[in-house]
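1. sharing a model that was predicted from the sequence below.
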Amino acid sequence: KQEVTQIPAALSVPEGENLVLNCSFTDSAIYNLQWFRQDPGKGLTSLLLIQSSQREQTSGRLNASLDKSSGRSTLYIAASQPGDSATYLCASRGENAGNMLTFGGGTRLMVKP
Amino acid sequence: AAGVIQSPRHLIKEKRETATLKCYPIPRHDTVYWYQQGPGQDPQFLISFYEKMQSDKGSIPDRFSAQQFSDYHSELNMSSLELGDSALYFCASSFGARGRLVAEQFFGPGTRLTVL
């Protein structure tokens, strides 16, 4: 059974810092990995999707990388802003898990002005 | 751009009552997924439908059932509600969920169910 872990669980940084969020998964047989943002009590906003054949994806100040062999993905946020404060979740879609996404526990990010 | 629509957005029920949550996928999406997110928890997969047929089943209690209709909208029916069913219920949709297709899942805003 796929297990997805995110480190750190919480992170507080001053505005302007570059930061890295980590996601690890136990089963490397995945179709893709998605990164989501969730504001408190709100829905999930898809940020980036990396297919298993890709190494990274970029969208604005966000860059996500994928290393299937080591079971790791990272989300890099450049020049963080207070508006980036949210919980960031990674989720994998496993080859042996049908269509379901398996989520990590999330990283709660606070960017202080 | 059209997004996934869920209704109602908030629902309050008593124990042992029933509830029906509705999901309208993004136009032309053929796959619908249901997830449950308890307080302080990460989303857990419940069930999915592809072309109106159940495609995968996760940790969905026997008290819950779901279906996808001919217009691709889906309903999650919950009976004999328990306090522990209080959660945020997400619906997601995608196009082409079979095999190795990309099938990015787009999530709705969720329905917050409170069971008293």
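-> Received, thanks. Residues are numbered from 1 along each chain as shown, chains lettered A, B, ... in the order given.
2. how far away is the residue nearest in space to the middle of chain B from A:Ala79?
-> Central residue of chain B (C-alpha atoms, centre = their mean): B:Trp34, 2.8 Å from the mean position. Here the criterion is C-beta to C-beta, to the nearest Å. By it, B:Trp34 lies 37 Å from A:Ala79. For every residue, glycine as well, the C-beta is placed using N, CA and C.
3. what residues does chain A have near chain B?
-> Chain A comes close to chain B at residues A:31-32, A:34, A:36, A:41-46, A:49, A:51-52, A:89, A:91, A:93, A:97-106, as judged by C-beta under 8 Å from any C-beta of the partner chain.
4. in stretch B:64-82, which residues are buried?
-> Buried positions in stretch B:64-82, judged by neighbour count with 16 or more other C-beta atoms under 10 Å in any protein chain shown: B:Phe64, B:Ala66, B:Gln68, B:Tyr72, B:His73, B:Ser74, B:Glu75, B:Leu76, B:Met78, B:Leu81.
5. tell me where chain A has strands.
-> With DSSP state E as the criterion, chain A has strands at A:4-7, A:10-14, A:19-25, A:30-38, A:44-51, A:56-59, A:62-67, A:72-77, A:86-94, A:101-103, A:107-112.
6. show me what the shortest one is packed up against.
-> The one in question is strand A:101-103. In terms of contacts (3 or more C-beta pairs under 8 Å, 6 or more residues apart in numbering or on different chains; DSSP states H and E), strand A:101-103 is packed against strand A:86-94, strand B:44-50.
7. which one of those has the most crowded surroundings?
-> Scoring the helices and strands packed on strand A:101-103 by mean neighbour count under mean count of other C-beta atoms under 10 Å in any protein chain shown gives strand A:86-94 as the most buried, with a mean of 25.
8. elements contacting that strand?
-> When contacts are defined as 3+ C-beta pairs under 8 Å, 6+ apart, strand A:86-94 packs onto strand A:4-7, strand A:19-25, strand A:30-38, strand A:72-77, strand A:101-103, strand A:107-112.
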